[in-house]
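[1] Pasted the sequence and its predicted model underneath.
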Number of protein chains: 2
Amino acid sequence: MTAYPAAPLHPGIDGAPSGDGLLRIASIGPLALEAGGELPDVQLAFETWGRLDEDGSNAVLVQHALTGSSHVARGASEEEGWWDSLVGPGRTVDTDRYFVVSVNMVGGCYGSTGPASLAPDGQPWGSRFPFVTIRDSVRAEALLADRLGIDRWHSVLGGSMGGARALEWALMFPQRVARCAVIACTAASSAEQIAFAQAQLQALRLDPAYRGGDYYGGPHPDAGLGIARRIAHVTYRSEKELDARFGRAEQDGEQTLGAVLPADRGRYQVESYLDHQAEKLVDRFDANSYVILTEALMSHDAARGRGSLDGALGTATAEFFIAAVDSDRLYVPEQSRRLAAGLPGDVPVHLISSPVGHDAFLTQIHQLDGKLRAAFYPGAQPAVGFPPAAT
Amino acid sequence: MTAYPAAPLHPGIDGAPSGDGLLRIASIGPLALEAGGELPDVQLAFETWGRLDEDGSNAVLVQHALTGSSHVARGASEEEGWWDSLVGPGRTVDTDRYFVVSVNMVGGCYGSTGPASLAPDGQPWGSRFPFVTIRDSVRAEALLADRLGIDRWHSVLGGSMGGARALEWALMFPQRVARCAVIACTAASSAEQIAFAQAQLQALRLDPAYRGGDYYGGPHPDAGLGIARRIAHVTYRSEKELDARFGRAEQDGEQTLGAVLPADRGRYQVESYLDHQAEKLVDRFDANSYVILTEALMSHDAARGRGSLDGALGTATAEFFIAAVDSDRLYVPEQSRRLAAGLPGDVPVHLISSPVGHDAFLTQIHQLDGKLRAAFYPGAQPAVGFPPAAT
């Protein structure tokens, strides 16, 4: 992993269209953390699309998921965005009309200060990187919004862990969020989400290469991170989908009963598929960031320090848009209904219909186009075609 | 782990009631294996309850699950059995009327030949223990049945992986199985079951103490086995149950946001619960056996080498009893319906109703009492009370 050096706010921050979808870095200074630590000098890496209005009323914040990044949409970059079908010129979140911002989470590995960044002693943070909660991330994002001149977001949108940050924005800074979309996410991480996360982090930490998090000078814990990803990926999909796609088929050219020792046998297709998912993540993601962000997600709880969950949600003043995936077994629709029920007023829960499971919040987001337009973005034109989303 | 020495067939094999529920060991000789290996001198550890009729018509085989054992019921032993509520004097499977047999799987760690047993060179098998499939286990059990003088089982019953062996008995030896009960099991391990098994085995094998399976002289891979169990245990329960029991509660005296470094924080209750499940398994189970039996379960496929699944199931001649747990997300009821649909005749799928998930095949087996009595054990008295089942 690269350690990201401090960098000044990009001069093109006025939203020059030529910079759409290109990474910029801003210093927001020290950040005191909810669990007691402090980061002395935080950099946030972010991208923008479109131009901020004179009155600052057209800013939209789009929040990424656990291993996602700020690259929501293409813009001037050729690289596919993860919500290209939703965000872009002429899309529902129309970058010809809105100034869209997306920020890489503190603790991640896409340019914002994280475990691979250099601590004040000039060495990577590694095992010393502190516990950062969802609320810490949101406070950091609020400091960036100040720098960008955004007093109040037209809307904050997020899916999965991005939904958790969107919700916390609405609860921590009610004056600064006019509209809030929480997609395939819950008001608080559930026992099952915590349980699967525990197994993932334990597998990652068991990798001898992990060395408690201080591995930057040597081999990285690819095996451990890969296992964590395999577990997570299964929970992101559905039993039905895995069965329909793979069943018990053997990987081409491999025999599952082909060896006297089971360790030497060939693989099932579903194993090969998960191997591929693991390899892809290991190539693009830092293990320490996976730990830090997963811990942040486990800590997600809208009720913490606010009395009851209903008490917490009841204080929200934003207009809400809540959606779930009907086949999601990790962020089950019932949790979205619980969230909606706690919010003021009568908040419907929209459903993405897909056999895929949780990941449909990426691949099938276009199903919400019409409802999001009607709720938050009236006057937007229906999107024509959409590229496949990258996970 | 103890390496189990060869031992002669127990002299009390005629079914003396004084021996009910006590472990006996029989030598069945060499066993050629489906994936190409061979075990030269196989011992099977088993238990019996009741007495075999003169005509040998009252023998019932009860098959244990992945980490289960032959200790189905108490008998002369004080130790709780895992189906005490179903099997015993006056129970549905009435040991005053039936001769009940249960056999520990080859590859396991409860007395049958397994990876901790001594190979011919006097050293534990360890990494050299061969791939053993469900069918290999069944062939071994058939050799034991020969020794016990049982030509044909009155009935073969099993839950989860025990159901896989029950089904294979009916398909491999149709002449020897009059009735077959397959509970919370499928005709073939599914893509999702394989996927979660892969993650478990990879975590276990990642433990540096595992040493490829040759750890008997040193520390055992408790951490790796514990992670495997955590993953498995979550799949054995349900999201609803975990949420209702634990929610986001903190473990007593621990603070989940209590430390600057996430690695030092306190645990959620659900984490403590899974830690406890892991510790319990590590105390009673051998990691190599977990690998060997999980690989056997992944290999489960009634269709293998028999053309189609329907072709394979269509040859069965036993009377079948199929049941599933309505909230089971690992062995989903749909799979039981698929199995039933392939069997000759009109085979209903009975449902255990429970919010618990897969494990209800143990804890709620009494729900099937009436239907099992009606189908297989007419004249048995309804059971009065039942102890809680051990997992």
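    Yes, it's here.
[2] Next, find the distance separating residue A:39 from residue A:213.
    Distance, residue A:39 to residue A:213, by C-beta to C-beta, to the nearest Å: 16 Å. The way it works is simple: take the backbone N, C-alpha and C, and place the C-beta from them, glycine included.
[3] Also residue A:262?
    Distance from residue A:262 to residue A:213, by C-beta to C-beta: 33 Å.
[4] now swap in residue A:76 and tell me
    Distance, residue A:76 to residue A:213, using C-beta to C-beta: 35 Å.
[5] and if you look at residue A:83?
    Per C-beta to C-beta, residue A:83 is found 31 Å from residue A:213.
[6] Grab the most central residue of chain A for me.
    Centroid-nearest residue in chain A: residue A:65, 1.3 Å away (criterion: C-alpha atoms, centre = their mean).
[7] isn't it right up against residue A:162?
    Yes. Between residue A:65 and residue A:162 there is a contact under C-beta atoms under 8 Å: 5.1 Å.
[8] Residue A:164 against residue A:300, yeah?
    Yes. Using C-beta under 8 Å, residue A:164 is in contact with residue A:300, at 4.5 Å.
[9] which neighbours do these two share?
    A:134, A:186, A:189 (C-beta atoms under 8 Å, 6 or more residues apart in numbering or on different chains).
[10] I'd like to know which of those residues is nearest to residue A:218.
    Residue A:218 lies nearest to residue A:134 out of the shared contacts of residue A:164 and residue A:300, by C-beta to C-beta, at 31.5 Å.
[11] The closest one: neighbouring residues, count only.
    Taking other C-beta atoms under 10 Å in any protein chain shown as the neighbour definition, residue A:134 ends up with a count of 27.
[12] quick one, what contacts the residue nearest to the centre of chain A?
    By C-beta under 8 Å, 6+ apart, residue A:65 lies in contact with A:158, A:159, A:160, A:161, A:162, A:361, A:362.
[13] Which helix or strand contains it?
    Here residue A:65 sits in a region with no helix or strand, counting by DSSP states H and E.
[14] so what's it closest to, chain neighbours aside?
    residue A:160 (3.9 Å; C-beta to C-beta, 6 or more residues apart in numbering or on different chains).
[15] How about residue A:317?
    Spatially, and ignoring its direct neighbours in sequence, residue A:317 is nearest to residue A:174 (4.5 Å; C-beta to C-beta, 6+ apart).
[16] what's the pLDDT at the one you found?
    pLDDT for residue A:174: 98.
[17] and which of the contacts of residue A:65 is nearest chain B?
    Chain B lies nearest to residue A:161 out of the contacts of residue A:65, by C-beta to the nearest C-beta, at 15.4 Å.
[18] ok, now which ones touch that closest one?
    Residue A:161 makes contacts with A:63, A:64, A:65, A:66, A:68, A:134, A:185, A:293, A:296, A:297, A:300, as judged by C-beta under 8 Å, 6+ apart.
[19] again, 7 Å this time
    A:65, A:66, A:297 (C-beta atoms under 7 Å, 6 or more residues apart in numbering or on different chains).
[20] Thought residue A:362 was touching the residue nearest to residue A:65, still the case?
    No. Look at residue A:160 against residue A:362 with C-beta atoms under 7 Å: they stay out of range, at 8.5 Å.
[21] list the contacts for residue A:172?
    Residue A:172 sits next to A:135, A:138 when contact means C-beta under 7 Å, 6+ apart.
[22] how close does it get to residue A:164?
    Residue A:172 is 12 Å from residue A:164, by C-beta to C-beta.
[23] How about residue A:169, nearest residue that isn't a chain neighbour?
    Per C-beta to C-beta, 6+ apart, closest to residue A:169 is residue A:156, 4.8 Å.
[24] what does residue A:335 give?
    Residue A:335 sits nearest to residue A:186 (C-beta to C-beta, 6+ apart), 3.8 Å away.
[25] I figured that neighbour hits residue A:331, correct?
    Yes. At 5.7 Å, residue A:186 counts as touching residue A:331 under the criterion of C-beta under 7 Å.
[26] In terms of neighbours, single out the busier of these two.
    Neighbour count, other C-beta under 10 Å: between residue A:186 and residue A:331, residue A:331 has more, with 28 against 24.
[27] can you pull the contacts of that one?
    Residue A:331 makes contacts with A:160, A:184, A:185, A:186, A:324, A:358, as judged by C-beta under 7 Å, 6+ apart.
[28] one step back: quick one: which of the shared contacts of residue A:164 and residue A:300 is nearest to residue B:348?
    Within the shared contacts of residue A:164 and residue A:300, proximity to residue B:348 (C-beta to C-beta) peaks at residue A:186, which comes in at 37.5 Å.
[29] In three-state terms, label that closest one for me.
    Put simply, residue A:186 is coil when judged by DSSP: H, G, I helix; E, B strand; the rest coil.
[30] give the contact list for it.
    Residues in contact with residue A:186 (C-beta under 7 Å, 6+ apart) are A:331, A:335, A:336, A:339.
[31] pLDDT value on it, please?
    Reported pLDDT for residue A:186: 98.
[32] quick check, distance from the host helix or strand of residue A:61 to the centre of its chain.
    Taking DSSP H and E as the definition, one finds residue A:61 inside strand A:59-63. Relative to its parent chain, strand A:59-63 has a centroid offset of 12 Å by C-alpha atoms, centre = their mean, to the nearest Å.
[33] ok, residues contacting it?
    A:52, A:72, A:83, A:87, A:93, A:98-102, A:150, A:153-158, A:162, A:165-166.
[34] Quick one: mark the members of those residues that sit in strands.
    Those of these mapping onto strands are A:87, A:93, A:99, A:100, A:101, A:102, A:155, A:156, A:157, A:158, per DSSP state E.
[35] Same list, the residues you listed, but as a markdown table with distance to residue A:315 and neighbour count please.
    As requested, these are exported to a markdown table (distance: C-beta to C-beta, whole Å; neighbours: other C-beta atoms under 10 Å in any protein chain shown):
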| residue | distance to residue A:315 | neighbour count |
| --- | --- | --- |
| A:87 | 29 | 28 |
| A:93 | 26 | 28 |
| A:99 | 27 | 23 |
| A:100 | 27 | 30 |
| A:101 | 25 | 26 |
| A:102 | 26 | 29 |
| A:155 | 19 | 25 |
| A:156 | 16 | 30 |
| A:157 | 20 | 29 |
| A:158 | 19 | 27 |
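[36] quick check, nearest of these to chain B?
    Of all the ones in strands among the contacts of strand A:59-63, residue A:158 has the smallest distance to chain B: 20.2 Å, by C-beta to the nearest C-beta.
[37] The helix or strand that contains residue A:25 vs strand A:99-103, what angle?
    Using DSSP H and E, residue A:25 falls within strand A:24-32. In terms of direction (axes from the mean of the first three to the mean of the last three C-alpha atoms, to 10 degrees), strand A:24-32 departs from strand A:99-103 by 60 degrees.
[38] Is whichever helix or strand comes after strand A:24-32 positioned near chain B?
    For strand A:24-32, the succeeding helix or strand toward the C-terminus, using DSSP H and E, is strand A:38-49. No. Using C-beta under 7 Å from any C-beta of the partner chain, we find that strand A:38-49 stays clear of chain B, coming within 8.7 Å at best.
[39] Tell me the residues of the stretch 51-200 of chain A that contact chain B?
    Close to chain B, as judged by C-beta under 7 Å from any C-beta, the stretch 51-200 of chain A has residues A:130, A:131, A:188, A:189, A:190, A:191, A:192, A:194, A:195, A:196, A:198, A:199.
[40] could those go into a markdown table alongside neighbour count and secondary structure?
    Below are those laid out as a markdown table (neighbours: other C-beta atoms under 10 Å in any protein chain shown; DSSP: H, G, I helix; E, B strand; the rest coil):
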| residue | neighbour count | secondary structure |
| --- | --- | --- |
| A:130 | 22 | coil |
| A:131 | 25 | coil |
| A:188 | 20 | strand |
| A:189 | 23 | coil |
| A:190 | 25 | coil |
| A:191 | 25 | helix |
| A:192 | 23 | helix |
| A:194 | 25 | helix |
| A:195 | 24 | helix |
| A:196 | 22 | helix |
| A:198 | 23 | helix |
| A:199 | 28 | helix |
